[in-house]
Each structure stands twice: as C-alpha cells, then as structure tokens.
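Colleague: Build the 3D model from these lines:
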Amino acid sequence: LNFPSKEIRSLVDKAKINKNDQIIFIFSIIEEKVSIAVGVSDNLISKYDASNFAKELSLLLGGSGGGGRKDFAQSGGSNSKNIDEAVNKVIERI
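Modeller: Predicted coordinates for the structure are as follows:
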C-alpha cells in the first residue's frame, strides 16, 4: 500500500466496524519509509494491546517505537525489506 500514514488509520477503523476477533496490521511504504497501523477489536483488548504490537514492529523495522491505545496504535520504521519477517515474529506470539 502507498497510503500516507494519516490515511491508514481510517483503513483500520473501517476494518474493525462491527467485527470481533480481529487484529489488523496495515503497512504503507512511501519512499522506503514504513508506516504501521495496528488495530485490535474491542472484544480482544483485554488480551492484546495494539500499542505493544506497534512498538515491537517499529523496533523490528528500524524505528524507535510507536504508540497509541490498546485498540489502535501507529508507528514507523525505515527498513521495509523486513516486513514479512517482522510480522511473522509478532504473529508467533499471538
């Protein structure tokens, strides 16, 4: 995806509408920089934290962290070549 980081939040919000049991990861790469958005459906926020996922993904992708809330968080990174590896590491924990 080549969406500005401000637009990927709306993508996560749309994906979460009226749906349960979802953890959503959206990545956008523009000029080699990675924007990350993570959403966790309301019924899962007692078990999973979008902010923790965003921070972990950012660190794995050469960023310095990120943040937000338990249901939505954003972060970024500079190493777009490692997205698959970073996502797989996070998914293994889920």
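Colleague: The helix or strand containing residue 76 packs against which elements?
Modeller: Using DSSP states H and E, residue 76 maps to strand 72-77. Where contact means 3 or more Cβ pairs under 8 Å, 6 or more residues apart in numbering; DSSP states H and E, strand 72-77 is packed against helix 5-16, strand 33-40, helix 50-60, strand 66-68. C-beta coordinates here come from the backbone N, C-alpha and C atoms, glycine included.
Colleague: Going by neighbour count, which residues of the second one are buried?
Modeller: Applying a neighbour-count criterion of 16 or more other Cβ atoms under 10 Å, the buried positions in strand 33-40 are 33, 34, 35, 36, 37, 38, 39, 40.
Colleague: Dump the strand holding residue 76 to CSV, restricted to CA.
Modeller: As requested, C-alpha coordinates have been extracted for strand 72-77 and formatted as CSV (Å, rounded to 0.1, in the frame of the first residue of the first chain):
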residue,chain,number,x,y,z
PHE,A,72,-5.3,1.4,17.9
ALA,A,73,-1.7,2.4,17.5
GLN,A,74,0.7,3.7,14.9
SER,A,75,4.4,3.6,14.4
GLY,A,76,7.0,3.6,11.7
GLY,A,77,10.3,2.2,10.5
